[in-house]
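> Next comes the sequence, and after it the predicted model I'd like to discuss.
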Amino acid sequence: MSEIANTSSQSAQVAPPPGSLWHHFENLEHQNEATTLGMWVFLATELLIFGALFAGYAAYRSWYPAAFEAASGRLNLLIGGINTVVLLTSSLTMVLAVRAAQLGSLRALVTLLILTSLLGTVFLALKAVEYYTDYLDNLVPGLAFNPEEWRQVHVNPAHVQLFLVFYYVMTGLHAVHLTFGIVIMAVLAVMAWRRAFTPEHHTAVEMWGLYWHFVDIVWIFLLPLLYLIATRKTLM
Amino acid sequence: MSGPTFQRKTYYYVFGALIALTVLTVGISFLDLGQWHIAAGLTIAVCKAGFVILFFMHLLHSRPLTWLILGTGLFWLAILLALTLSDYVTRHLGAY
């Protein structure tokens, strides 16, 4: 895949580290631009994957507002809110990691990549706890659900179950994306520790940074659209 | 140094804004806004996403081609949402 760079060609460019320049690019700058652009294109497709779920959710919320609002109020906003702060912090550590890569600060880069991965793991752990509290609260269709408690407040339990399915699928798909990101950040941290990145060549860090921010943005929208669509009475 | 970047201070300010907006969106959810909860939540979410995209994803310093790709993705998303929802909100075929 990668060949020894042709260093005799270009003008004011620093000679690329051996093997870092792929043969179909003129120089490292070209390669970096194309790689980050490729990630942006991928993120545009990811926008549509989650967009389809949001569209379905919006359609059924328009049909069954009472059930959706009632169910939304039962989600654990304490964990949801804390998780939002956790992911936002991980985006900060991620962008600082990219900056460290640009400056060639090796120790900062490794530390920040590990921190990003760690914060993502904290999110997953809290999410697991949240799913468990949902189970204890009879909010798991097919596993722990009490239709009577919803009929007593004049809400259709079938519509509540529909909301809950959307909730688990959307947060679940987000969690899968986050898991990929956590593993990739850990791999990048190891690569960084082994001095794979230089200020001129650290495309992977920038590229996967974009991916990480996208996962954060998905959660930024999941929070209000799942947890906050009606007046909240309780935090959890 | 390759790739665009901001000062560290800028990143901290943006982070502060993101946290403040999170506190805001959670806070107003306890007020009685009736039908406006979704609109308010979406507005704040768009602001937060905008901060992340422009600063953390360096879009402000990116080439116009990058803006075009993001714009295209958003345009497709808009079509998806507009055409799907225009069907669902105007007909209640399955609403029972």
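Now that the structure is in, tell me what you want to look at.

> To which secondary structure element is residue 39 assigned?
Defaulting to chain A. helix A:28-63 (DSSP states H and E).

> wrong one, I was asking about chain B
Per DSSP H and E: helix B:36-51 holds B:Ala39.

> what's the helix or strand containing B:Gly16 in contact with?
Assigned by DSSP H and E, B:Gly16 belongs to helix B:8-28. Helix B:8-28 is touched from outside by A:77, A:81, A:84-85, A:88-89, A:91-92, A:95-96, A:99, A:223-224, A:228, B:37, B:40-41, B:44-45, B:47-48, B:51-52, B:55-56, with contacts defined as Cβ atoms under 8 Å, 6 or more residues apart in numbering or on different chains. Where you see a C-beta, it was placed from the backbone N, CA and C, and this is true even at glycine.

> Ok, stretch A:216-224 next?
Under the criterion Cβ under 8 Å, 6+ apart, external residues in contact with stretch A:216-224 comprise A:50, A:54, A:80-81, A:83-84, A:87-88, A:90-91, A:170-171, A:174, A:177, B:22, B:25, B:29, B:38, B:41-42, B:44-45, B:48-49, B:52-53.

> Then stretch B:60-77?
By Cβ under 8 Å, 6+ apart, stretch B:60-77 touches A:33, A:36-37, A:40-41, A:43-45, A:47-48, A:51, B:4-6, B:53-54, B:59.

> about what we covered before: buried only: go through the contacts of stretch A:216-224 for me.
With burial judged by 16 or more other Cβ atoms under 10 Å in any protein chain shown, the buried subset of the contacts of stretch A:216-224 is A:50, A:54, A:80-81, A:83-84, A:87-88, A:90-91, A:170-171, A:174, A:177, B:22, B:25, B:29, B:38, B:41-42, B:44-45, B:48-49, B:52-53.

> For A:Val169, give its distance to chain B.
17 Å (Cβ to the nearest Cβ, to the nearest Å).

> Give me the angle between the longest helix seen in chain B and helix A:28-63.
Using DSSP state H, we find that the single longest helix of chain B is helix B:64-90. Counting by axes from the mean of the first three to the mean of the last three Cα atoms, to 10 degrees, helix B:64-90 lies at 10 degrees to helix A:28-63.

> Helix B:64-90: how far from the chain's middle?
Relative to its chain's centre, helix B:64-90 lies at 13 Å (Cα atoms, centre = their mean, to the nearest Å).

> Rounded mean pLDDT for stretch A:41-48, please.
Mean pLDDT, computed over stretch A:41-48, is 95.

> ugh, wrong one, I meant stretch A:220-234
Here the average pLDDT along stretch A:220-234 is 94.

> Now do the same contact list for B:His92.
A:Trp63.

> Could you confirm it falls within a strand?
No. Assigned with DSSP: H, G, I helix; E, B strand; the rest coil, B:His92 falls outside any strand and is coil.

> pLDDT wise, what is it at?
Here, the pLDDT recorded for B:His92 equals 77.

> what does A:Val122 give?
98.

> Would you mind giving the secondary structure of it?
Classified using three-state DSSP, A:Val122 is helix.
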